[in-house]
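S.K.: coords please:
(one chain, ligands or ions: 1)
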Amino acid sequence: MNFSGKTVVVTGGTRGIGRAVSLAFAFAGAAVFAAYLQDDAAADRLNEEAIGGSGTITTVKADVSSQAGATLLIDTAAAATGAIDVLVNNAGIIRDGYLAMMADSDWEAVLHTNLSPLFHCCKWGIRKMMAKRSGVIVNISSIAGISGTAGQTNYSATKGAIISFSKSLAREIGPMGIRVNVVAPGMIATDMTAGLRQELVSKVVQGSALGRIGQPEEVAAAVLFLASDQAAYITGQTLVVDGGIV
Ligand code: NAD
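M.R.: Numbering: from 1, shown residues only. Predicted coordinates for the structure are as follows:
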């Protein structure tokens, strides 16, 4: 796929799935703006990894759960290139625990971190897209938002919300030539799943049709497809990338 001349913004774009998405777009020719929260070393490594691709990666240190961070990211990308063509809302966290014992702070942190960037980045991103009457948004949900996961009521609530938010926004801005879709990954090998109980990871993976954990690059491939012109007639959809767990 060719994204030459396109500006792509990726939140949580220097690690895990976001890193794979940033690299895939950069190697497909895009000017990528990858937001990250605090890991400067990971951002530096990503800049080096992008060398040799036909596109570029610019890392932007910004807490996109705040309006200030989101506008910094969107404005930096738009000022440098004149447009936002693709926005990938990928930043997210887990704070797992059974609901009866869940700390208020774990409920609030997950709702805030997983949903506020979606609101702020979409709000400021679509203003740029509307000016051009074109653009694509891909939001990263999870199979937890489709089938539910014990111990993840907070996370599942946000991931289900990402799907319904995207369906509504797709209807709202479709008439302006802007598409909104969702990718819902299953169990993918990143720092997020490395922090889970590994017996749980194995159990889920062994129960899937393909019987193996997914790689971040396999999620990135789905994101690029939905962002490409080959998906020009697809909006409001959720593409599950889970090796057959759901
Ligand atoms: P990860 O923990 O490796 O990366 C998450 C990234 O989000 C990090 O770079 C982090 O710095 C960034 N981030 C978090 N809060 C931020 C903020 N306020 N501002 C800017 N950046 C912020 O996780 P991952 O596995 O790569 O997950 C990426 C996305 O995919 C998440 O939304 C996650 O819920 C989703 N997902 C992951 C899996 C999986 O198995 N790994 C499965 C389903 C969905």
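S.K.: didn't Asp85 look like it was pressed against Ala131?
M.R.: No: with contact defined as C-beta atoms under 8 Å, Asp85 does not reach Ala131; the gap is 12.0 Å. The way it works is simple: take the backbone N, C-alpha and C, and place the C-beta from them, glycine included.
S.K.: which SS class is the residue located most distally from the centre of the chain?
M.R.: Largest separation from the mean C-alpha position in the chain: Ala100, at 29.4 Å (C-alpha atoms, centre = their mean). Three-state assignment for Ala100 (DSSP: H, G, I helix; E, B strand; the rest coil): helix.
S.K.: dump the residue contacts of the spatially most central residue of the chain.
M.R.: In the chain, the residue lying closest to the centroid (C-alpha atoms, centre = their mean) is Asn90, at 2.0 Å. Contacts for Asn90 (C-beta atoms under 8 Å, 6 or more residues apart in numbering) come out as Val10, Thr11, Gly12, Gly13, Ile17, Gly18, Val21, Ile140.
S.K.: Show me which of Asp85 and Ala131 is the more surrounded one.
M.R.: Asp85 (21 against 14; other C-beta atoms under 10 Å).
S.K.: where does the more buried one sit relative to Ala42, distance-wise?
M.R.: 25 Å (C-beta to C-beta, to the nearest Å).
S.K.: Contact residues of the chain facing the ligand?
M.R.: Contact residues (C-beta under 6 Å from any ligand atom) of the chain with the ligand: 11-12, 14-18, 35-37, 63-65, 90-93, 113, 117, 140, 142, 185, 187-188, 190-193.
S.K.: Out of the residues you listed, list just those in helices.
M.R.: Gly16, Ile17, Gly18, Thr113, Pro117, Asp191, Met192, Thr193 (DSSP state H).
S.K.: which of the residues in stretch 28-45 are buried?
M.R.: Under the neighbour-count criterion of 16 or more other C-beta atoms under 10 Å, stretch 28-45 has Ala28, Gly29, Ala30, Ala31, Val32, Phe33, Ala34, Ala35, Tyr36, Leu37, Ala42, Ala43 buried.
S.K.: what residues are up against the spatially closest residue to Arg19 that is not a sequence neighbour?
M.R.: Spatial nearest neighbour of Arg19, chain neighbours left out: Leu46 (6.0 Å); criterion: C-beta to C-beta, 6 or more residues apart in numbering. By C-beta under 8 Å, 6+ apart, the contact set of Leu46 is Gly13, Thr14, Arg19, Ser22, Leu23, Ala34, Ile57, Thr59.
S.K.: at 10 Å instead, please
M.R.: Counting by C-beta atoms under 10 Å, 6 or more residues apart in numbering, Leu46 makes contact with 13-15, 18-19, 22-23, 26, 32, 34, 36, 39, 57, 59.
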